[in-house]
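Q: 3D, please:
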Amino acid sequence: MKAVYFAWVRERIGVSEEEIDPPREVETVRQLVDWLSARGEGYAAAFANPKTIRAAIDKTHAAPDAPIGAAREIAFFPPMTGG
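A: Numbers count the residues shown, from 1 in each chain. Here you go, the predicted model:
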């Protein structure tokens with residue numbers, strides 16, 4: 001699946017997108033965040049406070065306990081404000 005990172009999440013990780021292959025036991029957005037956090041210092045910094053991260057699975061907003069299933073793309077971004 002493709003992971004896409006926006007705003008300061010991208011800045012801390014150092015890439016805007018990448019192909020990832022999480023292990024089978026990673027089933028939810030929250031578990032994916034935990035798995036990504038363990039991939040290195042930039043990931044750990046980006047996901048240090050999971051409450052400040054929003055996710056979208058195949059371009060649809062997803063809660064932390066949402067199953068990732070056979071997602072093709074998961075995007076991570078900070079909370080947005082409108083104007």
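
Q: counting contacts, what elements does whichever helix or strand residue 76 is part of pack onto?
A: Using DSSP states H and E, residue 76 falls within strand 73-77. With contacts defined as 3 or more Cβ pairs under 8 Å, 6 or more residues apart in numbering; DSSP states H and E, the packing partners of strand 73-77 are strand 2-5, helix 7-13, helix 29-37, strand 54-57. All C-beta spots, glycine's among them, are computed from the backbone N, C-alpha and C.

Q: show me the contacts for the nearest residue to residue 1 once chain neighbours are set aside.
A: Counting by Cβ to Cβ, 6 or more residues apart in numbering, the nearest residue to residue 1 once its immediate chain neighbours are dropped is residue 71, at 5.3 Å. Taking Cβ atoms under 8 Å, 6 or more residues apart in numbering, we find residue 71 in contact with 1, 57-58.

Q: what's the span of stretch 59-75, first residue to last?
A: In stretch 59-75, first residue to last residue: 8 Å (Cα to Cα, to the nearest Å).

Q: To clarify, my last question referred to stretch 1-9.
A: Stretch 1-9: ends 18 Å apart by Cα to Cα.
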